[in-house]
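**Q** Provided below for reference: sequence and predicted model.
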Amino acid sequence: MSRVCLVCQNIDCKARGSEPLMVELQKRIADKGLNDVEVKPYMCFGACQEGPNIVLYPEKNWYAKVKVEDLDDITAHLAGGPHVQRLDTIDSSLKELIYQLLDTGVI
Amino acid sequence: MEGILFPRGVAEEREGLAAYRARGGYEALAKALKTDADEVIKVVSDAGLRGRGGAGFPTGKKWQFTREAPEQPRYLVMNGGEDEPGSKKDRVLLENLPHLVIEGAILAAYAIGAAKAYLYINARYDDAIKSVNDALAEAKSAGYWGDNILGSSFNLEFEVVPAPHNYVAGEDTAVLEVIEGKKPLPRQKPPFPVTVGLFGKPTSVNNVETLANVAPIILKGADWYRKFGTAESPGTMIFSLNDDVRRPGIYELPFGTPLRYLIEECGGGMKGGRKIKAIMPAAPSSAFLPADKIDTPLDHNSMRDAGTGLGCGVVRLIAEGTCIVEEVLKISEFFTAESCGQCPACRMETNTLTMMMKKVQAGQGGQPILEQFGKILAFNKGKGFCNLIAMPGPPIESAIKLFPGDFEAHLTTGKCLAH
C-alpha cells in the first residue's frame, strides 16, 4: 500500500487555507520525487479548531495548524527525515479514534 | 373511537367556513376571547398537549415561555414545512381542515400575545396553500382575524410563507430564517425561539397538527381531552403509513394504541402478506424495533422505554427478506445529503458514517468497522446547531445490535444475507 497524506477539507480547515495548502503539498512532494506518496482530500478528522489538519497514513502522524511554511519539514519527514514535533499537538484519544477508523479502510 | 381532529374519519374533502361553523367552528375563539390568555394557556397545559412535530414538547409550556419573554412584539409561527419523508398529515389538515388549523393558530397567537402569525407551508403543497389562503379570506370576512377580533381588543394579522422543501427547512430555527428572507439554515441554540425567535423577538413555533388540537381543547376542556390517550401523552396523534402496507394513508389514533392495531387494523398488514422484520416508528431517524415489539403502545414513554421514539408518526415497516445494511445505508446517505453543511461536526459525522456503511456494504473493514460507528457517533454527540447530527445514530446503532447477521453477511461476502 502506498503512503497517503490526508488533508482535511471540511469547513474550518478550508477556511484556514487547507485547499491551497493541499495543492502546495502535492507540488512539493512531486518536486522531491516521492512517488509513493499520494495526497488526498479527507472529509474531516474532527479537530476543527486545530486546522488545517494533515494525517500521514499508514505511518499515523498527525500534523495540526499546518502552514505553508511547515510543508518543507513535512515533506522532509516523508522523505525519511525527522518527525515534526511542533505540529504534533492533537490529543491522543482523538488520534486513536481516527487511526482506528483509517485502519478499517475508511480512507 | 371518535377522533379529535377527524371526528368523522379522515377528512377526504375540504371543509369550508359554513360546514366548520355548523360543527362548532370558531366557538372556541369566542369562548377564549371572553377569558384571558393565561386561562387559554392553563387549559392547554392541563390538557397535556404535546407538540406533534417530533419533539413532543409541552405546548402550554412553550406558550408560557413565549408569553413571559420580556421583548415585544411576539410572533406565532405555524410550521407546515412537513419535510419528513412519508409524512402527509399536515398536508391533509391544511388542505381539508384549514379552519381547524387557522382557529388553532388564532388561539395560539392570543395565548402568547402575538399580533402577527406566519403560516409556513411546504411550497410543493399548492392545494394546501390555496386552501389556507381561501380559508383566511373567509375567516377574515367573518371577523375571526384582523382588527378587534369578534369585538375584542385583540388584533391579529396573518401571512403565508412558502417553505423550501429540503429536510432542515422544517427545523424550527431554519423556519425563522426563511421567514426572515434568508436560507434555511438552523441557528445555534440557546437562545431558543421562545426568547429570541423571529426578527430576534419571542416566537412560538408550533406544528400544524399541534395547532389543530387547540380549538377542540378550548371548546371541550382539558378533562374531555384527557379521555383520549395516556396520562403522559393525552389526546390522539395522526400516524402516516406508506406503500409498505396494504392500505397506505393517515390514521388518527389515541396515544397508547398498540402499534399492532395501526399496522394490522388500519394498514391491513404488510403488502403482499409479507412478514415484518423490523418497524421504524419514526422514520427515518428512530431506532428500529424488532417485529416482536409490535404490541408496544404508541405513546412517547412506551416508545422511549422500548428504545425508540414517536417522532411525527411516520411508521415504516421493513419486510422479511430486506437487507438491513442496505436500508441503513440509504438512511445514512439521506442524512449526509440533507445535512445543511454549516456545522463541521455534522458534515464530518454524516459523511464518515456513510463512507463506513459503504465499506460494510462492500464487505470491507471486518468486525472492527462496526465498533467504529458508536465511537464516531459518541465523538459528535451534542455538536451541531440542530438535531440532525443526532438522527443517524438510532437507526444505525439499533440495526447493528438487532440484525448482526445482516452485517456479518456483508462483511464476510460483500453481499446481502437477503439475496
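**A** On my side now, so go ahead. These numbers were taken from a predicted model, which means no experiment stands behind them.

**Q** what about the residue of chain B found nearest chain A, neighbour count?
**A** Closest residue of chain B to chain A, C-beta to the nearest C-beta: B:Met348 (3.4 Å). Every residue, glycine included, has its C-beta placed from N, CA and C. Look at B:Met348: counted by other C-beta atoms under 10 Å in any protein chain shown, it has 28 neighbours.

**Q** now it. Nearest residue, chain neighbours left out?
**A** A:Cys44 (3.4 Å; C-beta to C-beta, 6 or more residues apart in numbering or on different chains).

**Q** then A:Glu38?
**A** In space, A:Glu38 is closest to A:Val4, 4.9 Å off (C-beta to C-beta, 6+ apart).

**Q** for chain A, what lies in contact range of chain B?
**A** Contacts of chain A with chain B, taken as C-beta under 8 Å from any C-beta of the partner chain, map to A:10-12, A:43-46, A:48, A:94, A:97, A:100-101, A:103-106.

**Q** check contacts around B:Val205.
**A** B:77, B:79, B:172, B:175-176, B:193, B:197 (C-beta atoms under 8 Å, 6 or more residues apart in numbering or on different chains).

**Q** residues in a beta bridge with it, which ones?
**A** B:Val77 (DSSP bridges).

**Q** any idea how far the helix or strand harbouring B:Arg260 is from the middle of the chain?
**A** Element membership for B:Arg260, per DSSP states H and E: helix B:259-260. Computed by C-alpha atoms, centre = their mean, to the nearest Å, the chain-centroid distance of helix B:259-260 equals 19 Å.

**Q** repeat that for stretch B:364-374.
**A** 33 Å.

**Q** touching it from outside, list them.
**A** Counting by C-beta under 8 Å, 6+ apart, A:100-101, A:103-106, B:353, B:356, B:359-360, B:396-397, B:400, B:407, B:411, B:414 sit against stretch B:364-374.

**Q** ok, stretch B:304-314 next?
**A** B:52-54, B:56, B:84-87, B:89, B:207, B:209, B:237-240, B:242, B:280-283, B:285-289, B:293, B:296, B:298-300, B:303, B:394, B:398.

**Q** got the end-to-end distance for that stretch?
**A** 16 Å (C-alpha to C-alpha, to the nearest Å).

**Q** who's in contact with residue 57?
**A** If you meant another chain, say so; for now it's chain A. Taking C-beta under 8 Å, 6+ apart as the test, what A:Tyr57 contacts is A:3-4, A:6, A:99, A:102, A:107.

**Q** my bad, the chain I had in mind was chain B
**A** Taking C-beta under 8 Å, 6+ apart as the test, what B:Phe57 contacts is B:50-51.

**Q** if we use 10 Å, what do you get?
**A** By C-beta atoms under 10 Å, 6 or more residues apart in numbering or on different chains, the contact set of B:Phe57 is B:50-51, B:206, B:210.

**Q** now neighbour count and distance to B:Leu262 too, for those, in TSV please.
**A** Output for the contacts of B:Phe57, formatted as TSV (neighbours: other C-beta atoms under 10 Å in any protein chain shown; distance: C-beta to C-beta, whole Å):
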residue	neighbour count	distance to B:Leu262
B:Arg50	26	18
B:Gly51	22	20
B:Asn206	28	24
B:Thr210	25	20
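
**Q** tell me the one of these nearest B:Gly382?
**A** B:Gly51 (21.4 Å; C-beta to C-beta).

**Q** give me the phi and psi angles of the closest one.
**A** Torsion angles at B:Gly51 (phi, psi; degrees, to the nearest 10) stand at phi -60, psi 140.

**Q** that one touches B:Asn79, doesn't it?
**A** Yes. B:Gly51 is within contact range of B:Asn79, at 9.4 Å (criterion: C-beta atoms under 10 Å).

**Q** what touches both of the two?
**A** Joint contacts of B:Gly51 and B:Asn79 (C-beta under 10 Å, 6+ apart) are B:172, B:205-207, B:209-211.

**Q** lowest average confidence across helices and strands of chain A, where is it?
**A** Taking mean pLDDT, DSSP states H and E as the measure, chain A has helix A:11-15 as its least confident helix or strand, at a mean of 92.

**Q** list the buried ones in that helix?
**A** Buried residues in helix A:11-15, counted by 16 or more other C-beta atoms under 10 Å in any protein chain shown: A:11-14.

**Q** check stretch A:83-93 too.
**A** Buried-residue list, stretch A:83-93, by 16+ other C-beta under 10 Å: A:84, A:87, A:90.

**Q** hmm, who's touching it?
**A** Under C-beta under 10 Å, 6+ apart, the answer for stretch A:83-93 is A:45-47, A:50, A:53-56, A:59, A:61-67, A:70, A:72-74, A:76-77, A:95, A:97-99, B:379.

**Q** centre-most residue in the chain?
**A** Reading this off chain A. Centroid check for chain A by C-alpha atoms, centre = their mean gives A:Ile54 as the closest residue, at 1.9 Å.

**Q** I was thinking of chain B, sorry if that wasn't clear
**A** B:Gly53 (2.4 Å).
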